[in-house]
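# For reference, the sequence and a predicted model appear below.
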Amino acid sequence: MDDRPQQTPLFTFGLIADIQYADIDDGLNYTRTRRRYYRSSLQLLRNAQESWSKSAVRPEFILQLGDIIDGFNKDHGTSDKALDTVLREFSSSPVEVHHVWGNHEFYNFSRSALLRSRLNSSSLRTDGSLSGDIYAYHFSPSPGFTFVVLDAYDVSLLGREKSSEEYSEALKVIQKYNNNENLNCPPVFEGLQQRFTMFNGGFSKDQLDWLHSVLMSADEKRERVTIVSHVPIHPCSTDAICLAWNFDELLAVIRSHSSVVCFMAGHSHDGGYCQDEGTGVHHVTLDAVIETPPDSDAFGTVSVYEDRMVLKGNGRMENRVFRFPS
Ligand SMILES: Nc1ncnc2c1ncn2[C@@H]1O[C@H](COP(=O)(O)OP(=O)(O)O)[C@@H](O)[C@H]1O
């Protein structure tokens with residue numbers, strides 16, 4: 001942690017990812033290596049909410065980095081009920097929540113239903129959003145700071161109608177690398193090409209162009225930008241099987257702008273962190289609530305200062321300091 005004397009932060013915000021709530025008994029992940037605590041994930045969210053509501057400096061907002069409810073809810077016909085349950089927990093305090101969309105959002109709901117739902121937080125204090133059905137927007141919680149929410153399933157088989165052009169385009173991308181009948185099965189068991197599975201996705205040219213223009217303006221104003229997405233984009237911050245399909249294109253956009261200080265994601269349940277070598281941008285992947293035992297926790301509170309952000313992790317989430325690249 002930082003060894004300087006405590007200062008008052010400019011603002012703080014909360015972080016939580018992969019809650020994947022379902023009212024079902026515990027289970028295992030696909031490879032049967034990790035336990036999933038579907039019911040107690042709600043209690044872990046409650047722990048986070050209680051901590052945020054009691055903290056001396058109230059968070060300005062919460063970033064919920066996707067997979068808020070589990071895909072099993074779809075099989076049980078409980079998608080709406082589970083979403084109500086989790087959102088009721090979030091609304092127990094008045095702090096605004098910015099929701100990111102993950103693969104489990106699309107297992108439960110169509111893209112058009114999500115756009116109409118309470119998981120579309122793009123109308124909260126938004127300074128600009130991408131038009132059409134791509135869920136990407138930016139907001140400024142404090143002068144000099146911008147947060148960008150990205151849609152990592154803009155190019156994907158998930159959430160797209162099979163008859164749509166978007167689906168055909170995404171199918172072309174994945175089938176270039178993955179010949180398996182089950183497209184959730186990775187094409188290889190090592191290396192970056194593992195990422196071409198159906199539970200991942202990517203960013204369209206429209207979204208990358210939009211991000212480029214948001215960052216140009218932020219560069220000019222010398223702002224500090226934090227970008228969030230469900231899916232990680234730096235190979236050193238995640239298992240390769242969880243990387244976005246065109247992570248390299250998004251990294252290239254980010255590397256061409258001086259304003260970006262941090263990229264935050266979920267999806268890869270063991271979390272991860274690295275600092276990009278050339279730019280010093282911090283890439284952090286959050287530990288998942290769903291794979292955190294009931295006697296632990298997985299949430300964080302970030303205090304933002306002029307020159308850094310300090311993440312205070314709870315339970316298995318590590319403390320970290322993100323000094324802003326100069
Ligand atoms: N190696 C794999 N081979 C085949 N299917 C897989 C594999 N890994 C995951 N899946 C399937 O992909 C979907 C998403 O996987 P899951 O582990 O639930 O994602 P998440 O980590 O986002 O919770 C599930 O339907 C799961 O059964």
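Structure received. Note that this is a predicted model, so its numbers are computed, not measured.
# Please make it C-alpha for all contacts and neighbour counts, starting now.
OK.
# measure Gly77 to Leu130 for me?
Gly77 is 32 Å from Leu130, where distance means CA to CA, to the nearest Å.
# Looking at these two, which has the bigger crowd around it?
Taking neighbours as other CA atoms under 10 Å, Gly77 and Leu130 compare with Leu130 leading, 16 against 11.
# OK, contacts around the more buried one?
Residues counted as contacts of Leu130 (CA atoms under 8 Å, 6 or more residues apart in numbering) are 136-137, 207, 210.
# try it again with 7 Å
Leu130 makes contact with 136-137, 210, according to CA atoms under 7 Å, 6 or more residues apart in numbering.
# For the ligand, state which of these is nearest.
Ala136 (20.1 Å; CA to the nearest ligand atom).
# wait, doesn't the closest one sit right on Thr126?
No. Ala136 lies out of contact with Thr126 (CA atoms under 7 Å); the separation is 10.3 Å.
# Just give the number of residues close to the closest residue to the ligand within the stretch 51-200 of the chain.
Closest approach of the stretch 51-200 of the chain to the ligand (CA to the nearest ligand atom) occurs at Cys185, with a separation of 3.4 Å. Neighbour count for Cys185, taken as other CA under 10 Å: 17.
# I'd like the distance between it and Tyr153.
Cys185 sits at a distance of 18 Å from Tyr153 (criterion: CA to CA).
# rewinding a little: helix/strand/coil for the residue of the stretch 51-200 of the chain closest to the ligand?
Three-state assignment for Cys185 (DSSP: H, G, I helix; E, B strand; the rest coil): coil.
# Now for it: which residues touch it?
Thr197.
# The one 5 residues further on too?
By CA under 7 Å, 6+ apart, the contact list for Glu190 is empty.
# And it, its phi and psi?
phi -140, psi 150 (degrees, to the nearest 10).
# Relative to Pro293, how far out is Cys262?
28 Å.
# returning to that earlier point: looking at Ala136 and Thr126, which one has more neighbours?
Using other CA under 10 Å as the criterion, Ala136 and Thr126 rank with Ala136 on top: 25 against 15.
# any idea how far that one is from Pro9?
Distance, Ala136 to Pro9, using CA to CA: 27 Å.
# cool, and Asn246?
35 Å.
# quick one: which of the two has more around it?
Shown here are Asn246 and Pro9; by other CA under 10 Å, Asn246 has more neighbours (18 against 15).
# quick one, phi/psi of that one?
phi -110, psi 50.
# neighbouring contacts of the least confident helix or strand in the chain by mean pLDDT?
The helix or strand of the chain with the poorest confidence is strand 128-129; it has a mean of 90 (mean pLDDT, DSSP states H and E). Outside strand 128-129, the residues within contact range by CA under 7 Å, 6+ apart are 136-138.
# Repeat that for stretch 309-326.
By CA under 7 Å, 6+ apart, stretch 309-326 touches 1-2, 261, 280-282, 287, 296-304, 307-308.
# switch the cut-off to 6 Å
For stretch 309-326, the surrounding residues in contact (CA atoms under 6 Å, 6 or more residues apart in numbering) are 261, 280, 296-303, 307-308.
# List just the nearest of those residues to the ligand.
Nearest to the ligand among the contacts of stretch 309-326, counting by CA to the nearest ligand atom, is Ala298 at 15.6 Å.
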